[in-house]
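*Asks:* Mind looking at a prediction? Sequence and model below.
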Amino acid sequence: MRFDTVFNDLVGAAVTTGKVMVYSDGKPWRPVVHVRDVSRAFLNVLQAPIEAVHNQAFNVGANNLNHQIIQLAEIAVKTVPGSKLEVLARPGADQRTYRTDFGKFARTFPEFQFNWNAETGAQELYRAFTGNQLTHEIFTDRKFTRLKWLRHLLDSNQLDPALRWQIPQEAAIHD
């Protein structure tokens, strides 16, 4: 599980703290696509006629699955009872936008339907987080946040500065 992707982070924060914090103005865009839909889409591509997909790259998703962060935060608050939204709109906040065009996928696979949306995904996350008794301690654990985990691997010399695995000294001696 990754808690550093925007939607997992928003719902996880709502469950574990009762607050959904938006540090930007909430206007940046993010595509939110459920892993089950992505898996089905991959199967669809693998089963497609080779001439339709050979040497092609596809953004897997649908244009209606692009959301502004503020919309995702509002969905998280609506899903998690008792949670509150706080928009801080800090000037230095991350303003990167990832609004994605999924038109090529839609044109190539017009019959494909995405079964999940942000609302149904948030409900599933909420049930999973509460059912597994997600705590703030687990939610903030470095194992679930990519940059924290990379920092740990670097600090413990398991990765070198180029992010390549280090060979433990005892293993290098025996070679």
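*Replies:* Sure, I can see it. Residues are numbered from 1 along each chain as shown.

*Asks:* Beyond the helix or strand where residue 78 lies, next helix or strand please.
*Replies:* Residue 78 belongs to helix 69-79 when elements are defined using DSSP states H and E. Stepping forward along the backbone from helix 69-79, the first helix or strand reached (DSSP H and E) is strand 84-87.

*Asks:* Partner strands of that next one, with direction?
*Replies:* Sheet pairing for strand 84-87, assigned by DSSP bridges, gives strand 19-22 (parallel).

*Asks:* Pull out the buried positions in the helix or strand that the strand it pairs with is followed by.
*Replies:* Past strand 19-22, further along toward the C-terminus, the next helix or strand under DSSP H and E is strand 29-31. For strand 29-31, the neighbour count (16 or more other Cβ atoms under 10 Å) marks 30, 31 as buried. All C-beta atoms are positioned from the backbone trio N, CA, C, and that covers glycine.

*Asks:* same question, stretch 25-44
*Replies:* Of all the residues in stretch 25-44, those buried under the rule 16+ other Cβ under 10 Å are 25, 26, 28, 30, 31, 32, 33, 34, 37, 40, 41, 44.

*Asks:* likewise stretch 49-67?
*Replies:* Applying a neighbour-count criterion of 16+ other Cβ under 10 Å, the buried positions in stretch 49-67 are 53, 58, 60, 61, 62, 65, 66, 67.

*Asks:* ditto for stretch 141-158
*Replies:* 144, 145, 153.
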